[in-house]
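Asker: Return atomic coordinates for the entry below.
(one chain, ligands or ions: 1)
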Amino acid sequence: MATDVHRPVTTPAVNAPTGSAPFAVRVDGLTRSFDGRAVIDRLHLDVKPGEFVALLGRSGCGKSTLLRILAGLDRDIEGTVLVPRRKAVAFQSPRLMPWKRVWRNVLLGLPGKPRRDVAEQALTEVGLKHRTDAWPKTLSGGEAQRASLARALVREPDLLLLDEPFGALDALTRIKAQRLVDELWQRRGCAVLLVTHDVEEAVLLADRVLVMDEGVIAYEREIDLDRPRGIADPRFAEIRAELLRRLGVEQPDATQNPSHNVS
Ligand SMILES: Nc1ncnc2c1ncn2[C@@H]1O[C@H](COP(=O)(O)OP(=O)(O)OP(=O)(O)O)[C@@H](O)[C@H]1O
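Answerer: As a prediction, the model looks like this:
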């Protein structure tokens, strides 16, 4: 896996030697400040190749900032960030160019002559082949998000960065999109870093869930539940409750309130 090293902008970014790295992400002593305030403060993070990691944290704690840094979109940093050269990112808003048909959007930014067959293959993978020639404005929210995922897939990423990709979808479409990401991850075997506000989504999908706070990874939890996972599993509920506690969310105490007990 070819690796990029992102160092502070004062030092030119260098490419690490190619070869198989024992990690998909390695972040060491990362600091990012805005107006003198460190939003990320000497953060450490490793993600293994093929690992699915979810990142939770209260609003404004720096999740998107971290993701943008990993994507190489923000290099005004201190510390070291090593990420695979083949990486792709999908955001909450699909960011499709309205003047390009879906298949051309999928290929946007890829070097070389646009290859419709490559776009079509990725669109097939996300169940959107029938919309290959559509204009973005004719897509539903879920379809647009799938087109955005196809755009990530054509890059054949070793690391897929997802910033709240399901945040704007209705509940049913969201469940379908979660299943699709799960399938794609299993098929492609790439590492995934998913930023989400949804604790259930994190526990459903991830091998490991991180909670970010005060500029660092404040808590992490391996999710050792069998897949496919379901919220009916008592251990699922236990892990969800622990994560909510770590996020500072008050929960009703079942011992104080018998209506929460299922007998
Ligand atoms: N370009 C910028 N200039 C100044 N401040 C910024 C900039 N980008 C982010 N910030 C600040 O950094 C902090 C972290 O922002 P970030 O978007 O990473 O949070 P987040 O955890 O992703 O939030 P949310 O869950 O609400 O999306 C916020 O206080 C935000 O205002």
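
Asker: Check whether the residue of the stretch 101-250 of the chain found nearest the ligand sits in a helix, strand or coil.
Answerer: Here the stretch 101-250 of the chain gets closest to the ligand at one residue, H197, 6.1 Å apart by CB to the nearest ligand atom. C-beta coordinates here come from the backbone N, C-alpha and C atoms, glycine included. Using DSSP: H, G, I helix; E, B strand; the rest coil, the structure places H197 in coil.

Asker: who does the spatially closest residue to K87 that is not a sequence neighbour bridge with?
Answerer: In this structure, K87 finds its nearest non-sequential neighbour in L159, 4.2 Å apart by CB to CB, 6 or more residues apart in numbering. Under DSSP bridges, the beta-bridge partners of L159 are K87, A191.

Asker: Same question for stretch 85-93: list its buried residues.
Answerer: Of the residues in stretch 85-93, R86, K87, A88, V89, A90, F91, Q92 count as buried by neighbour count, 16 or more other CB atoms under 10 Å.

Asker: Look up which helix or strand L161 falls in, please.
Answerer: Under the criterion of DSSP states H and E, L161 resides in strand 159-163.

Asker: and that strand, does that touch the ligand?
Answerer: No - Strand 159-163 lies out of reach of the ligand by CB under 6 Å from any ligand atom, never closer than 7.6 Å.

Asker: could you say what helices and strands that strand packs with?
Answerer: Helices and strands touching strand 159-163, by 3 or more CB pairs under 8 Å, 6 or more residues apart in numbering; DSSP states H and E, are helix 63-70, strand 87-90, helix 171-188, strand 191-195.

Asker: give me that answer again for 6 Å
Answerer: With contacts defined as 3 or more CB pairs under 6 Å, 6 or more residues apart in numbering; DSSP states H and E, strand 159-163 has these neighbours: helix 63-70, strand 87-90, strand 191-195.

Asker: which ones are touching the closest residue to L160 other than its chain neighbours?
Answerer: Counting by CB to CB, 6+ apart, V192 is the residue found nearest to L160 once chain neighbours are left out, at 4.8 Å. V192 sits next to F52, L160, W185 when contact means CB atoms under 6 Å, 6 or more residues apart in numbering.

Asker: go on, M97?
Answerer: N105.

Asker: if you set the cut-off to 7 Å instead, what comes out?
Answerer: N105, L108 (CB atoms under 7 Å, 6 or more residues apart in numbering).

Asker: Just the angle for the helix or strand V27 falls within relative to strand 159-163, thanks.
Answerer: Assigned by DSSP H and E, V27 belongs to strand 25-34. Angle, strand 25-34 to strand 159-163, by axes from the mean of the first three to the mean of the last three CA atoms, to 10 degrees: 40 degrees.

Asker: need the contact list for L225.
Answerer: Applying CB under 7 Å, 6+ apart, the residues near L225 are D233, R235, F236.

Asker: Now do the SS call for the second one.
Answerer: In other words, R235. R235 ends up helix, using three-state DSSP.

Asker: Tell me how many other residues surround it.
Answerer: 13 (other CB atoms under 10 Å).

Asker: hmm, back to that, okay if I get the buried residues of stretch 85-93 as CSV plus distance to R42 and pLDDT?
Answerer: Converted to CSV, these look like this (distance: CB to CB, whole Å; pLDDT from 0 to 100):
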residue, distance to R42, pLDDT
R86, 28, 93
K87, 23, 94
A88, 27, 95
V89, 24, 94
A90, 28, 93
F91, 26, 89
Q92, 28, 85
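
Asker: buried residues in the helix or strand where L244 lies?
Answerer: Following DSSP H and E, one finds L244 within helix 234-246. Burial within helix 234-246, assessed by neighbour count using 16+ other CB under 10 Å, is assigned to F236, I239, R240, L243, R246.
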